[in-house]
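>>> Quick one: sequence and predicted model below, then my questions.
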Amino acid sequence: MAYGTIKSDALVYDNSGTDVTISLSSIPTLDAAQTFTKAQRGDIIDVTGTSPQIDLNAGNNFRFTTSGDWGSNLSLANLATAAEGQTGSIFIVYGGAHTGGFPTTMKFVGGHNGIGALSSASPKIDRIDYIVLNSTTVTCTITKDYVA
């Protein structure tokens, strides 16, 4: 395999038969402040079951549709590799029995006992907004009883 260096002031690409030239000096660095000209959207990752796993490397927003009581089986996957400052929401959609606990890495105002009962009837939705503080702590706020 060959290795080497390419020196160039511009890139040229074909745009349906028309060459377009981009000056390399106009390409912003990744660590600079970014201005978006269109709305940015994160997908909502669907999670179900009685042992739900929220994979923080799969996305920022999750929809957990209950299918039964999950006890203390909800888990946060990849928290150790999640980016500090990552934010998102976990929507808990009533789909059947609807009780369970949260991992101790999720910190709520008043502790886990301060959460109280989740919505317990269709078509209710509860929402947890979160921000990753570090590899062991996710601070959370819960809002309950949205009507779908």
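Yep, it's here.

>>> quick one, phi psi at A77?
phi -90, psi 150 (degrees, to the nearest 10).

>>> For beta bridges, what are the partners of it?
Counting by DSSP bridges, A77 is bridged to D55.

>>> Pull the contacting residues for it.
By Cβ atoms under 8 Å, 6 or more residues apart in numbering, A77 lies in contact with 53-57. Backbone N, C-alpha and C define where each C-beta goes, glycine included.

>>> cool, R127 as well?
89-92, 142-144, 146.

>>> From those residues, list just the buried residues.
89-92, 142 (16 or more other Cβ atoms under 10 Å).

>>> where does the protein have low pLDDT?
Applying pLDDT under 70 to the chain picks out residues 1, 28, 30.

>>> can you pull the contacts of the residue nearest the centre of it?
Centroid-nearest residue in the chain, with Cα atoms, centre = their mean: N60, separated by 0.8 Å. Contact partners of N60, counting by Cβ under 8 Å, 6+ apart, are 42, 86-89.

>>> Please report the distance of the closest residue to S25 other than its chain neighbours from S23.
Using Cβ to Cβ, 6 or more residues apart in numbering and skipping the chain neighbours, the partner closest in space to S25 is D9 (7.4 Å). Separation of D9 from S23 (Cβ to Cβ, to the nearest Å): 7 Å.

>>> just I54 next, same as before
43 Å.

>>> Also A83?
The spacing between A83 and S23, counted by Cβ to Cβ, is 31 Å.

>>> neighbours around A148, how many?
9 (other Cβ atoms under 10 Å).

>>> coming back round to it: among the contacts of R127, which lie within strands?
89-92, 142-144, 146 (DSSP state E).

>>> What strand or helix carries T104?
Taking DSSP states H and E as the definition, T104 sits outside all helices and strands.

>>> Give me the nearest residue to it, chain neighbours excluded.
Once flanking residues are discounted, T104 sits nearest to H112: 7.6 Å by Cβ to Cβ, 6+ apart.
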